[in-house]
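**Student:** Build me a model:
(chains A and B)
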Amino acid sequence: DAKTTQPTSMDCAEGRAANLPCNHSTISGNEYVYWYRQIHSQGPQYIIHGLKNNETNEMASLIITEDRKSSTLILPHATLRDTAVYYCIVIFTGANSKLTFGKGITLSVRP
Amino acid sequence: DAGVIQSPRHEVTEMGQEVTLRCKPISGHDYLFWYRQTMMRGLELLIYFNNNVPIDDSGMPEDRFSAKMPNASFSTLKIQPSEPRDSAVYFCASSLGYGPAYNEQFFGPGTRLTVL
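**Tutor:** Numbering: from 1, shown residues only, chains lettered A, B, ... in the order given. Below is the predicted model:
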């Protein structure tokens, strides 16, 4: 599975958009980009995933560059409850693939 | 659905004792995963099951660890004997297991294990 690189931390103001970057320059054509987050003292939570098209759901939007070497997770209106560690994972999908959680990026949403 | 259920939420035991962690996956999910999280090593996959059958246990640290899934709605992770270095948060997760949904894993709240 391709390796990902994320900043260690970032912050944003409550109500503003949080844009979390992820680099995955060695991604293969059939590898997906998944985002999870882990709020303090809770289990990881799936957010969104994509292959090459931009994706949006009720939680976030995922923007993948045309060359697929990087992506951005967008939380459109960050709240204090969005403070968490966010993990970007690139992985083949299907049986026998394994999610590998790196260090992630710590997002702090300030009032 | 109540989500993935784990018990106990907290466990404190003494070195050498047997510890059993329990997990009830989301109904209808074919895959069940056990993870361990520590500050030093982060989140690690220990073992996963497909339709109650263990598929990959390469992440199990040593023979003191064992996991079973006797039916589709129950799994256990057992540590015997426990050691202080086993202190961690243990998560259970489940997924539907087809196509990209395989990696849409739903995690339980975790069991915080402390071995004295």
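**Student:** From now on I want contacts and neighbour counts done on CA atoms only, so please keep to that.
**Tutor:** OK.
**Student:** Chain A: helices as residue ranges?
**Tutor:** With DSSP state H as the criterion, chain A has no helices.
**Student:** Tell me where the model's unsure across it.
**Tutor:** A:1-2, A:94-95 (pLDDT under 70).
**Student:** And for chain B?
**Tutor:** The low-confidence ranges in chain B, as defined by pLDDT under 70, are B:1, B:98.
**Student:** Spell out which parts of it neighbour chain A.
**Tutor:** Within chain B, the positions near chain A by Cα under 8 Å from any Cα of the partner chain are B:42-45, B:56, B:91, B:97-100, B:102-110.
**Student:** hmm, 6 Å instead?
**Tutor:** B:99, B:100, B:102, B:107, B:108, B:109 (Cα under 6 Å from any Cα of the partner chain).
**Student:** my guess is residue B:49 meets residue B:55, correct?
**Tutor:** Yes. Residue B:49 lies in contact with residue B:55 (Cα atoms under 6 Å); the separation is 5.4 Å.
**Student:** Compare the two and say which is more crowded by neighbours.
**Tutor:** residue B:49 (21 against 14; other Cα atoms under 10 Å in any protein chain shown).
**Student:** which ones are touching that one?
**Tutor:** Residues in contact with residue B:49, defined by Cα atoms under 6 Å, 6 or more residues apart in numbering or on different chains, are B:31, B:32, B:55.
**Student:** For residue B:94, what is the enclosing helix or strand?
**Tutor:** Using DSSP states H and E, residue B:94 falls within strand B:88-95.
**Student:** which secondary structure elements does that strand contact?
**Tutor:** strand B:31-38, strand B:106-107, strand B:111-115 (3 or more Cα pairs under 6 Å, 6 or more residues apart in numbering or on different chains; DSSP states H and E).
**Student:** distance between that strand and the chain's centre?
**Tutor:** Remark: strand B:88-95 is offset 5 Å from the chain centroid, using Cα atoms, centre = their mean, to the nearest Å.
**Student:** Check the burial of residue 82 by counting its neighbours.
**Tutor:** Since no chain was named, I'll use chain A. 18.
**Student:** You answered for a different chain; I wanted chain B.
**Tutor:** Neighbour tally, residue B:82, other Cα under 10 Å: 21.
**Student:** Which of the three states applies to it?
**Tutor:** coil (DSSP: H, G, I helix; E, B strand; the rest coil).
**Student:** Which residues are in contact with it?
**Tutor:** Counting by Cα under 6 Å, 6+ apart, residue B:82 has contacts B:15, B:16, B:17.
**Student:** That one and chain A: what is the separation?
**Tutor:** As judged by Cα to the nearest Cα, to the nearest Å, residue B:82 and chain A stand 23 Å apart.
**Student:** Mind listing the residues bridging to the most centrally placed residue in chain B?
**Tutor:** By Cα atoms, centre = their mean, chain B has its centre lying nearest to residue B:34, at 2.9 Å. Bridge pairing for residue B:34 (DSSP bridges) gives the partners residue B:47, residue B:92.
**Student:** wait, residue A:61 sits on residue A:76?
**Tutor:** No. Counting by Cα under 6 Å, residue A:61 stays clear of residue A:76, with 7.8 Å between them.
**Student:** Tell me which of the two has more neighbours.
**Tutor:** More neighbours surround residue A:61 than the other of residue A:61 and residue A:76, with 20 against 14 (other Cα under 10 Å).
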